[in-house]
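[1] Curious how this folds, go ahead:
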Amino acid sequence: MWLAVTALLLAPHLRTALVPTTGSHPDGRVLADLGWPRPLWQWELLRGAAVIAALAVGRAIGLPEPLAIIAGLVAPSVAARLRAETASRRSRVAMTRLLRGAEATLRIGGALPEALRRAVDASADDIARRPFAEALRTFDLGSALDDALRRAAARSRDDRARIALETLAIGVTSRLAGDRAAVLLAAVADRLAFEERVDEEVRARTGGLRVQVVLLAALVPAMALYLAITVPSLGQTLSSPIGRLVLIPAAAALEVAGLVASRGAVNAVGR
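    Numbers count the residues shown, from 1 in each chain. So this is what the prediction gives:
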């Protein structure tokens with residue numbers, strides 16, 4: 001407990017040496033997607049506070065300290081990734097709109113760099129506009145447009161953005177005219193729009209099943225708590241070392257694994 005408090009107090013002074021930069025931090029990209037406005041050492045302060053809270057809760061319920069520390073360390077990252085996943089899902093619609101805007105500029109005679117620049121400036125979604133803004137920044141520094149698009153595609157973690165950038169790079173390499181480039185851009189936007197509809201349909205069809213999974217996952221600890229109260233022998237078993245160190249952690253791990261697996265299956269189909 002005192003070790004966690006000491007680490008929390010010393011974190012601001014050791015942030016330069018101990019906290020990695022945004023590029024190497026495990027949560028750096030996720031926090032950038034969420035628009036985290038503060039330095040990463042403050043994120044680690046928040047993680048330290050979560051560890052202290054988990055230790056306090058674990059001590060109150062009899063949870064072993066190592067498990068409480070692990071829960072406190074992991075909880076902020078899990079919460080950030082869940083929020084980033086929601087933001088990424090919203091950005092899919094914004095990316096399709098961005099491509100539609102660039103297509104409109106191409107159809108009225110604009111060049112591709114101008115079309116992308118206008119579409120990026122008009123988009124309010126940072127996740128959707130980031131890969132295209134990076135490509136334009138590289139292009140402004142003197143690189144060829146197709147090379148800039150390919151570099152941005154290689155750096156992007158979003159499959160949809162990668163497909164759009166690589167397709168645009170092929171069009172630039174082929175030296176397509178403005179109207180042909182607009183047709184190519186429209187084809188990419190149509191594909192992304194189709195994927196959006198498929199993802200929405202999958203989530204709509206599996207919404208009830210996902211709710212059932214969560215309810216079933218909550219039913220098990222509720223039944224265990226009820227039986228522990230009404231059956232003293234079971235309560236004694238769960239409060240014994242084998243219950244606190246083996247049975248409860250194993251049950252919690254299985255619960256988490258089931259929730260993660262069901263969520264991952266839906267996301268895999270959506271991709």
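
[2] Quick check: pLDDT value at Asp147.
    Listed pLDDT for Asp147 reads 91.

[3] quick one: it and Thr86, what's the gap?
    To Thr86, Asp147 is 33 Å away according to C-beta to C-beta, to the nearest Å. The C-beta positions use only the backbone N, C-alpha and C, and glycine is treated the same way.

[4] The two: who's more crowded?
    Asp147 (15 against 11; other C-beta atoms under 10 Å).

[5] buried stuff in the helix or strand where Leu45 lies?
    In the assignment (DSSP states H and E), Leu45 maps to helix 40-61. For helix 40-61, a neighbour-count test (16 or more other C-beta atoms under 10 Å) marks 40-41, 43-45, 47-48, 50-52, 54-55, 58 as buried.

[6] ok, now stretch 60-69?
    Neighbour-count burial for stretch 60-69 [16+ other C-beta under 10 Å]: Leu63, Leu67, Ala68, Ile69.

[7] could you turn it into CSV, dropping everything but the C-alphas?
    What follows is stretch 60-69, C-alpha atoms only, in CSV (Å, rounded to 0.1, in the frame of the first residue of the first chain):
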residue,chain,number,x,y,z
ALA,A,60,-12.4,-4.5,2.1
ILE,A,61,-13.6,-7.6,0.3
GLY,A,62,-10.6,-9.8,1.1
LEU,A,63,-9.1,-9.9,-2.4
PRO,A,64,-5.4,-10.7,-2.6
GLU,A,65,-3.2,-7.6,-3.1
PRO,A,66,-1.5,-8.9,-6.3
LEU,A,67,-4.9,-9.4,-8.0
ALA,A,68,-6.0,-6.0,-6.8
ILE,A,69,-2.9,-4.3,-8.2
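
[8] tell me the mean pLDDT over it?
    76.

[9] Run through who's touching that stretch.
    Residues from elsewhere that reach stretch 60-69 (C-beta atoms under 8 Å, 6 or more residues apart in numbering): Ala4, Val51, Ala54, Leu55, Val57, Gly58, Arg59, Ser239, Arg244, Leu245, Ile248, Pro249.

[10] got it, and stretch 240-256?
    If you take C-beta under 8 Å, 6+ apart as the criterion, stretch 240-256 is touched by Gly62, Leu63, Pro64, Leu67, Ala217, Val220, Pro221, Ala224, Thr237, Leu238.

[11] Name the nearest of the residues you listed relative to Ile108.
    Closest to Ile108 out of the contacts of stretch 240-256 is Ala217 (53.5 Å), distances taken as C-beta to C-beta.

[12] can you tell me which residues contact that closest one?
    Residues in contact with Ala217 (C-beta under 8 Å, 6+ apart) are Glu255, Gly258, Leu259.

[13] So which of these are in helices?
    Per DSSP state H, helices hold the following members of the contacts of Ala217: Glu255, Gly258, Leu259.

[14] Among these, which one lies nearest to Arg130?
    Leu259 (29.7 Å).

[15] quick one: the closest one and Val214 touch, right?
    Yes - if you go by C-beta atoms under 8 Å, Leu259 and Val214 touch, sitting 7.1 Å apart.

[16] tell me how far the longest helix anywhere in the chain is from the chain's mean position?
    In the chain, assigned by DSSP H, the helix with the most residues is helix 178-230. The chain centroid and the centroid of helix 178-230 are separated by 14 Å under C-alpha atoms, centre = their mean, to the nearest Å.

[17] again, but for stretch 31-47
    Centroid displacement of stretch 31-47 relative to its chain, using C-alpha atoms, centre = their mean, is 14 Å.

[18] correct me, but Leu238 touches Leu225?
    No - applying C-beta under 8 Å as the test, Leu238 and Leu225 come out as separate, 9.3 Å apart.

[19] what about the two, which has more around it?
    The neighbour count for Leu238 versus Leu225, taken as other C-beta under 10 Å, is higher for Leu238 (18 against 12).

[20] The closest residue to that one other than its chain neighbours and Ala68, how far apart?
    Residue nearest to Leu238 in three dimensions, not counting chain neighbours: Ala228, with 5.4 Å by C-beta to C-beta, 6 or more residues apart in numbering. As judged by C-beta to C-beta, Ala228 and Ala68 stand 20 Å apart.

[21] Give the buried residues for stretch 188-196.
    Judged by neighbour count (16+ other C-beta under 10 Å), stretch 188-196 contains these buried residues: Val188, Ala189, Arg191, Leu192, Ala193, Glu195, Glu196.
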